[in-house]
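Trainee: any chance you can model this:
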Amino acid sequence: MPVNVNDVAKALYALIVDTTIQGQTFELVGDEEYSTKEIVDYVLDVTQSDPQLLNLPLPVAEVVGKVIQNLPEPKFSQDLAIRLSLDEVKTSSLPGLRELQVEPSKMEKESFSFLFKYNKGGHFQKVEGYH
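Mentor: Here you go, the predicted model:
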């Protein structure tokens, strides 16, 4: 359940300003549930990337991560392998963004304007007959 950093900032501001809710626990998540794979597929689609992805069973990924995490500037670790195997979803009935008067942003709306910059050729790639 991706959450926009601006939504979290607004929620934190509300928590600081409203003394009646201080001390309560909130679960700050977005509205939409996505699996890790769905988010990766979305990013690859928007950026028009075609990397070679390897879907490893968790025990194998943990071993690979344990080796790679010892290399200089590792891009993968045992902890990351475990984290990527979990789909993060709202876990309880705790109050969230809406209870703090914050309307959750949609991932697609917020992320597209950022991600298209990583598309080979930028936004011009999708324009046909431009010149």
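Trainee: pLDDT below threshold where in the protein?
Mentor: 121-131 (pLDDT under 70).
Trainee: what segments of it are strands?
Mentor: In the chain, no strands are defined using DSSP state E.
Trainee: ranges for the helices of it?
Mentor: When secondary structure is read from DSSP state H, the chain shows helices at 5-17, 36-47, 58-68, 78-84, 107-115.
Trainee: just checking, what packs against the second one?
Mentor: The one in question is helix 36-47. In terms of contacts (3 or more CB pairs under 8 Å, 6 or more residues apart in numbering; DSSP states H and E), helix 36-47 is packed against helix 107-115. C-betas here are computed from N, CA, C, even on glycine.
Trainee: cool, the third one as well?
Mentor: Where contact means 3+ CB pairs under 8 Å, 6+ apart, helix 58-68 is packed against helix 78-84.
Trainee: what is the burial count for residue 81?
Mentor: 21 (other CB atoms under 10 Å).
Trainee: wait, it touches residue 58, no?
Mentor: Yes. Between residue 81 and residue 58 there is a contact under CB atoms under 8 Å: 6.7 Å.
Trainee: let's have the helices of the chain in JSON lines, adding distance to residue 97.
Mentor: Shown next, in JSON lines, are the helices of the chain (distance: least, CB to CB, whole Å):
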{"stretch": "helix 5-17", "distance to residue 97": "6"}
{"stretch": "helix 36-47", "distance to residue 97": "19"}
{"stretch": "helix 58-68", "distance to residue 97": "31"}
{"stretch": "helix 78-84", "distance to residue 97": "23"}
{"stretch": "helix 107-115", "distance to residue 97": "14"}
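Trainee: for residue 92, find the nearest of the ones you listed.
Mentor: helix 5-17 (16.3 Å; CB to CB).
Trainee: ok, the most centrally placed residue in the chain to residue 35 distance?
Mentor: The structure's the chain has its C-alpha centroid closest to residue 2; by CA atoms, centre = their mean the separation is 4.9 Å. Residue 2 sits 11 Å away from residue 35, going by CB to CB, to the nearest Å.
Trainee: one more: residue 101?
Mentor: Taking CB to CB, one finds residue 101 at 29 Å from residue 35.
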